[in-house]
Structures are given as C-alpha cells and as structure tokens.
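In: Need a 3D model of the sequence below.
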Amino acid sequence: QVQLVESGGGFVQAGGSLRLSCAASGRTLSTYAMGWFRQTPGKEHDFVAAIGTDSTTYYEDDVEGRFTISRDMSKNMVYLQMNSLKPEDTGVYYCVGDERLRVVRFATFNSMGARGQGTQVTVSS
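Out: Modelled structure (predicted):
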C-alpha cells in the first residue's frame, strides 16, 4: 500500500509560482503512474496532470504550458511546478497514483489506487 503526502501549497499572487511535492512511502513508485488532481470550491476533483513510469507527461488543457509534472524515482517523489498562476487555479491539490496509466489520466479521483490528503493553493488576484 502506497501512502502519499503532499506539501508546498500556500498563498501566492496571480502570476506567481509554487512547487508542490508528493512524498511516497510504503512501496516504490517505480511501477506507478502518478498525477495531480485539484478540487476547486464547489466542484468535483478535476484532473490536472499525469506522468507515466517512462516519464511521459500529460496535462489538462488549461494548465498546459504553465504547469510541469516531474518525478524522481530515486527519492520516491513527484512534483508539480506551477507557474503563471491564476485565481482560478485556487483549490486543494491532491497527489494520486495507480499502476495503470489510463486510470490516472481518465478515471475519477476516487478510482485511484493511492491518494494523498491534499495541500491548499490560494491564488489572489
């Protein structure tokens, strides 16, 4: 069983940057596709980005070019670098993982094999 813990959230002005980190424990992430979801106020959990075991990356259209997902297999870590932040990026960001890439890319948040507790990101205008 994989446990995921996010960190790095905070308060930032529009146009600023934040880097989220996701630390995994319990087992290696080498066979896991990883991703980030976010929940904005009053909405469901939405897909943000995913990274496969071969480090191929996938993004939701609105964050393409602004966010970068990466992973460090040696440290069992996943990151989300967020640049040019907008107020609509505000929400709780969750790290997720599953051994099936198609699940991370296309399934609902509750379908993930592993989910973190989330970290709050607030972007002011």
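In: I'd like the next helix or strand past the particular helix or strand that has Ala23 in it.
Out: Assessed by DSSP states H and E, Ala23 sits inside strand 18-25. Once strand 18-25 ends, the next helix or strand along the chain (criterion: DSSP H and E) is strand 33-39.
In: Can I get the following helix or strand past that following strand in PDB, CA atoms only?
Out: Scanning forward in sequence from strand 33-39 by DSSP H and E, the next helix or strand is strand 45-51. Only the C-alpha atoms of strand 45-51 are listed here, as PDB (Å, rounded to 0.1, in the frame of the first residue of the first chain):
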ATOM      1  CA  HIS A  45     -11.900  16.700  -8.200                       C
ATOM      2  CA  ASP A  46     -10.500  17.500 -11.600                       C
ATOM      3  CA  PHE A  47      -7.500  16.000 -13.400                       C
ATOM      4  CA  VAL A  48      -4.500  18.400 -13.700                       C
ATOM      5  CA  ALA A  49      -1.500  16.400 -14.800                       C
ATOM      6  CA  ALA A  50      -0.100  12.800 -15.000                       C
ATOM      7  CA  ILE A  51       3.300  11.200 -15.600                       C
END
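In: ranges for the strands of the protein?
Out: Assigned by DSSP state E, the chain shows strands spanning 3-7, 10-13, 18-25, 33-39, 45-51, 57-59, 67-72, 77-82, 91-98, 114-115, 119-124.
In: From the rest of the structure, what touches the fifth one?
Out: Spelled out, that is strand 45-51. By Cβ atoms under 8 Å, 6 or more residues apart in numbering, the surrounding residues in contact with strand 45-51 are 33-40, 57-60, 63, 67, 69-71, 78, 80, 93-94, 101, 104-106, 108-110. (Each C-beta comes from the backbone N, C-alpha and C, glycine too.)
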